[in-house]
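Chemist: Build me a structure from this.
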Amino acid sequence: MEEPARFPRIQHEAIVRLLAADIVGEEAVLDRLRELRDEIAAISAQLHAAEAVARTIPTREAYLLLNHRLARRIVQAHTDWLNEVERELASRTRR
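Modeler: Residues are numbered from 1 along each chain as shown. All right, here's what the predicted structure looks like:
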């Protein structure tokens, strides 16, 4: 706790896949990235369950819910990014 909090590293396999689109083809990348939607849905369900559990632990509830809200925003950012990638690549593959 003596050290300052640092910004977390951003490592994301989907980014690497997107960066390979010119090598493997945009359609192949789109197919694999679309599979993230199932994982995002599962994570959202897990967060919902975790929020319910947090409410049963009064001494930690506020801290847990703050972390769950951050997690939801991160999941939403990934969803927004996936939507953007999908729109961009889908429009390019239709040309």
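Chemist: Please make it C-alpha for all contacts and neighbour counts, starting now.
Modeler: Fine.
Chemist: how close does Asp38 get to Ser44?
Modeler: Relative to Ser44, Asp38 is positioned 10 Å away (criterion: Cα to Cα, to the nearest Å).
Chemist: out of those two, which sits in the busier spot?
Modeler: When neighbours are counted by other Cα atoms under 10 Å, Ser44 comes out ahead of the other of Asp38 and Ser44, with 16 against 10.
Chemist: in this structure, which spans are helices?
Modeler: Using DSSP state H, the helices of the chain run over residues 13-19, 21-24, 26-34, 36-54, 61-93.
Chemist: So which of these is the most surrounded?
Modeler: Each of the helices of the chain was given a mean neighbour count from mean count of other Cα atoms under 10 Å, and the largest, a mean of 16, is that of helix 26-34.
Chemist: Looking at the helices of the chain, spot the one closest to Pro4.
Modeler: helix 61-93 (17.9 Å; Cα to Cα).
Chemist: That closest one relative to helix 26-34, how many degrees between them?
Modeler: Between helix 61-93 and helix 26-34, the angle comes out at 160 degrees (axes from the mean of the first three to the mean of the last three Cα atoms, to 10 degrees).
Chemist: returning to what we had before: make TSV out of the helices of the chain and add distance to Ala5 and mean pLDDT.
Modeler: Formatted as TSV, the entries for the helices of the chain read as follows, by distance: least, Cα to Cα, whole Å; pLDDT from 0 to 100:
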stretch	distance to Ala5	mean pLDDT
helix 13-19	24	93
helix 21-24	35	95
helix 26-34	31	92
helix 36-54	24	97
helix 61-93	15	94
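Chemist: Mind putting these into CSV with distance to Pro4?
Modeler: As requested, the helices of the chain are exported to CSV (distance: least, Cα to Cα, whole Å):
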stretch, distance to Pro4
helix 13-19, 28
helix 21-24, 38
helix 26-34, 35
helix 36-54, 26
helix 61-93, 18
